[in-house]
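Asks: just to be clear, the model below is a prediction. Sequence and coordinates:
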Amino acid sequence: MRGDGPPSILMVDDDPHVLRSLRAALESHGYRVQSAPNGAIALESCAAERPDVVLLDLALPGLDGVDVCRRLRSWSRVPILVLSARVHESQKVQALDAGADDYVTKPFGTEELLARIRAALRRDQARIDEAPIIHAGGLVIDLLARRVTVDDREVHLTPTEYELLRVLATNPDRVLTHGYLLRTALGSGYEDALDNLRTFIAQLRRKLEHEPSRPRWIVTEPAVGYRFRPDA
Amino acid sequence: MVKRQVARYLVAVVSVLLATLIALPLYPAAVDFPALLLLAAVAISASFGGYGPAIVSVVGGFLALDFFFEYPPYSFEITALGTSVDLLAFVLVAFLLGTLNARLRTARQRASQARSQAEAALMARDEALAIVSHDLRTPLTAIKTSISTLRNPGAPLSDGTALELLGTIEAEADRLVHFVSDALAMTRLEAGITPDRQWNALGEIVSAVLDRVSPILGERPVTYDVPDTLPLARFDAGLLDQALSNVLENVGVHTPSGTPVSIVGRIEGGCVRLVVSDAGPGIPEVARDRVFVKFQRLSDEGFGTGLGLAIARAATEAQGGHLLVEDSPLGGAQFIILVPLVGAAEVTDAG
């Protein structure tokens, strides 16, 4: 969190009613809230106010949500939570590909939104703390020694499997798209190799999970990507 | 239909007979008269009755012409060139008018078919509109009344009542959300979607869907049988997700809490095969088509939108598959989702 006091949230949505009710919900839970009615103002506001989380509607007038994600990511690592309507399914994947952290489908319950905001803040805090050892239930990943254990039993991973696990685990609770995982974990030459990604994930689950077919750590987001669930 | 057919042939026979009877006393004073009369009979039969009666009248007319009106009379021997020419004229007229008659009849049939289709579509639309407006109005009414009461209560409200009204507002808003997103999903599927087929692991999709719908399935024990050793397969994961979620939600709404549910997934015969069985009341055979029709509910219980199974079927069919329902070995209903893999042959309706 930047500075002292309660975390601040920037809401970007062009509907004044949505903004008003969101503001009431968030302020009542102790957050400081700013709002922006379009992408251009949102970017300016991000630069000036440095919010702790950005809630970004995808269907914006002018500069659309995906563009805002891309531009924001060029200079900021602030967690971006995308608010997407079901009709903008493909835009949602584009936004995640462009660097958004997570998404909530409109209309959402306040509880769900608050949980996602807390997860985003936790993640951001974890990134700042930069611990070299990740603990997730019985799973321990030592990033320095490149050693992985499940319930104190060492698990041998191939370099690609380890890299995949590292990328997932250092982004806890965040939806990583197929495209992102292929680019970052499997590297060049594998950009379109979704079948390879599936195979690596299956191997990883077989080595880590107690019940590979009902995974607790590496969770599937159908047609979007994967999510690492640390507190399963 | 049969009566009309008989009438057509009757017209052919009677018109030839009449022509012959009228021509007989005049012959041989007016030599050309019989041929012309019989030609008229052929024309009437063909234009009124089509090909079949036309052929009857041609044959009948020609035989009459040959037998009564050709020299020597009362024999079937053909001696004059004129008789053959007459036959040709008969055939020509029969063919032309018969064709016209056939075209006219198909045009009429098509028009009446189109009319009845349009009427059925209009009726279905009116029915759907009535259900939609009812489904939208009911929660809206509840929300509006609750809000009015909270804002302008006759007497001060107790905390309990106020909380109850707020609860109603939230629940009814949820119902509206559910309804609107289902209606949107249905509209999108009806408008046509190009499937996005990618390499997928079936088990991944099924377990993710199961995780998501587990609050709806609640206490029901779920048997899960999708081996993680299944080969990867190319299909649209989003559409399969949509189909399976809606089938499972339907199970959650229509089967008693605590009854078992089983999910079996296989990749065989060039397709993905998902079988969801429940131990609920089942679906009677006569209603098995109706459950997949938009806005058709078999019972008034539950909060369903009447769209779930219609969406499930449309989503399955959008990638060339089938959604079937039959009796379940668990005693309730069993839904089978079949999705052909790319390059594989069309799926057959094997139960």
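Replies: Yes, it's here.
Asks: which SS state does residue B:194 fall under?
Replies: State at residue B:194, reduced to three classes by DSSP: H, G, I helix; E, B strand; the rest coil: coil.
Asks: near it, how many other residues are there?
Replies: Number of residues near residue B:194 (other C-beta atoms under 10 Å in any protein chain shown) recorded here: 8. Every residue, glycine included, has its C-beta placed from N, CA and C.
Asks: and it, what are its phi and psi?
Replies: Backbone torsions of residue B:194, given as degrees, to the nearest 10, read phi -90, psi 120.
Asks: distance check, it against residue A:179.
Replies: 19 Å (C-beta to C-beta, to the nearest Å).
Asks: may I see the buried residues of the helix or strand harbouring residue B:38?
Replies: Assessed by DSSP states H and E, residue B:38 sits inside helix B:33-49. Using 16 or more other C-beta atoms under 10 Å in any protein chain shown as the burial criterion, the residues of helix B:33-49 that qualify are B:33-35, B:37-39, B:41-49.
Asks: nearest to residue A:143 among these?
Replies: Distance ranking of the buried residues of helix B:33-49 against residue A:143, using C-beta to C-beta, places residue B:49 first at 91.1 Å.
Asks: now do the SS call for residue B:99.
Replies: helix.
Asks: what values do phi and psi take at the closest residue to residue A:164 other than its chain neighbours?
Replies: Spatial nearest neighbour of residue A:164, chain neighbours left out: residue A:185 (4.3 Å); criterion: C-beta to C-beta, 6 or more residues apart in numbering or on different chains. The phi and psi torsions at residue A:185 (degrees, to the nearest 10) take the values phi -90, psi -40.
Asks: residue A:185: what's it in contact with?
Replies: When contacts are counted by C-beta atoms under 8 Å, 6 or more residues apart in numbering or on different chains, residue A:185 touches A:160, A:163-164, A:166-167.
Asks: tabulate the residues you listed (a markdown table), appending neighbour count and secondary structure.
Replies: Putting those into a markdown table (neighbours: other C-beta atoms under 10 Å in any protein chain shown; DSSP: H, G, I helix; E, B strand; the rest coil) gives the following:
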| residue | neighbour count | secondary structure |
| --- | --- | --- |
| A:160 | 17 | helix |
| A:163 | 18 | helix |
| A:164 | 25 | helix |
| A:166 | 18 | helix |
| A:167 | 18 | helix |
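Asks: where does pLDDT dip in the chain?
Replies: Answering for chain A, as no chain was given. For chain A, the stretches flagged by pLDDT under 70 are A:1-4, A:86-88, A:127-130, A:188-192, A:232.
Asks: that's the wrong chain, I wanted chain B
Replies: B:1, B:298-304, B:343-351.
Asks: OK, contacts around the closest residue to residue B:200 other than its chain neighbours?
Replies: Closest residue to residue B:200 in three dimensions, ignoring its sequence neighbours and counting by C-beta to C-beta, 6+ apart: residue B:237, at 4.9 Å. Each residue near residue B:237 by C-beta under 8 Å, 6+ apart is listed here: A:222-223, B:198, B:200, B:205.
Asks: just the buried members of those?
Replies: Using 16+ other C-beta under 10 Å, the buried ones in the contacts of residue B:237 are A:222-223, B:198, B:200, B:205.
Asks: dump these into TSV; add distance to residue B:15 and secondary structure as well.
Replies: Formatted as TSV, the buried ones among the contacts of residue B:237 follow (distance: C-beta to C-beta, whole Å; DSSP: H, G, I helix; E, B strand; the rest coil):
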residue	distance to residue B:15	secondary structure
A:222	72	coil
A:223	71	coil
B:198	70	strand
B:200	71	strand
B:205	71	helix
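Asks: quick revisit: who does the helix holding residue B:38 touch, helix- and strand-wise?
Replies: helix B:2-26, helix B:51-69, helix B:81-151 (3 or more C-beta pairs under 8 Å, 6 or more residues apart in numbering or on different chains; DSSP states H and E).
Asks: in TSV: these, plus distance to chain A and mean neighbour count.
Replies: Listed next are those as TSV, based on distance: least, C-beta to the nearest C-beta, whole Å; neighbours: other C-beta atoms under 10 Å in any protein chain shown:
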stretch	distance to chain A	mean neighbour count
helix B:2-26	53	15
helix B:51-69	55	21
helix B:81-151	14	13
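Asks: tabulate the ones you listed (CSV), appending distance to residue A:110.
Replies: Formatted as CSV, those follow (distance: least, C-beta to C-beta, whole Å):
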stretch, distance to residue A:110
helix B:2-26, 70
helix B:51-69, 75
helix B:81-151, 17
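Asks: residue A:172 is nearest to which of these?
Replies: helix B:81-151 (37.8 Å).
Asks: that closest one to helix B:33-49, inter-axis angle?
Replies: 20 degrees (axes from the mean of the first three to the mean of the last three C-alpha atoms, to 10 degrees).
Asks: show the subsequent helix or strand relative to helix B:81-151.
Replies: Using DSSP H and E, the next helix or strand after helix B:81-151 towards the C-terminus is helix B:159-191.
Asks: which bits of the stretch 151-300 of chain B sit near chain A?
Replies: B:177, B:181, B:184-185, B:188, B:196, B:198-201, B:203-205, B:207-211, B:224, B:226-228, B:232, B:236-238, B:240-241 (C-beta under 8 Å from any C-beta of the partner chain).
Asks: those residues, buried ones only, as a PyMOL selection?
Replies: Applying 16+ other C-beta under 10 Å to those, the buried members can be selected in PyMOL as follows:
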select buried, chain B and resi 181+185+188+198+199+200+201+203+204+205+207+208+209+210+224+226+228+232+236+237+238+240+241
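Asks: still on that earlier bit, closest one of the contacts of residue B:237 to residue B:325?
Replies: residue B:205 (20.9 Å).
Asks: tell me if I'm right that the closest one and residue A:224 touch.
Replies: No - with contacts counted by C-beta atoms under 8 Å, residue B:205 stays clear of residue A:224, the gap being 11.4 Å.
Asks: per-domain residue ranges of chain A.
Replies: Using automatic domain parsing, the domains assigned to chain A come out as A:8-129, A:133-228.
Asks: any chance of the ones you listed in a markdown table, with distance to residue B:114 too?
Replies: Below are those laid out as a markdown table (distance: least, C-beta to C-beta, whole Å):
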| stretch | distance to residue B:114 |
| --- | --- |
| domain A:8-129 | 33 |
| domain A:133-228 | 40 |
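Asks: what about these, which gets the closest to residue B:87?
Replies: domain A:8-129 (70.9 Å).
Asks: so how far is that closest one from its chain's centroid?
Replies: 11 Å (C-alpha atoms, centre = their mean, to the nearest Å).
Asks: report the contact partners of residue 80.
Replies: Went with chain A since none was named. Residues near residue A:80 by C-beta under 8 Å, 6+ apart: A:53-54, A:56, A:69, A:72-73, A:95, A:99-101.
Asks: that was the other one, I meant chain B.
Replies: B:70-71.
Asks: now it: how far from chain A?
Replies: 82 Å (C-beta to the nearest C-beta, to the nearest Å).
Asks: quick one: is stretch A:225-232 near chain B?
Replies: No - using C-beta under 8 Å from any C-beta, we find that stretch A:225-232 stays clear of chain B, coming within 8.9 Å at best.
Asks: pull that stretch out as PDB, backbone CA atoms only.
Replies: Coordinates of each C-alpha in stretch A:225-232 appear next as PDB, following Å, rounded to 0.1, in the frame of the first residue of the first chain:
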ATOM      1  CA  GLY A 225      -6.600 -19.700 -18.700                       C
ATOM      2  CA  TYR A 226      -5.400 -20.800 -15.200                       C
ATOM      3  CA  ARG A 227      -5.400 -19.400 -11.700                       C
ATOM      4  CA  PHE A 228      -3.100 -20.300  -8.800                       C
ATOM      5  CA  ARG A 229      -5.200 -20.700  -5.600                       C
ATOM      6  CA  PRO A 230      -2.800 -20.300  -2.600                       C
ATOM      7  CA  ASP A 231      -5.100 -20.800   0.300                       C
ATOM      8  CA  ALA A 232      -7.000 -23.800  -1.000                       C
END
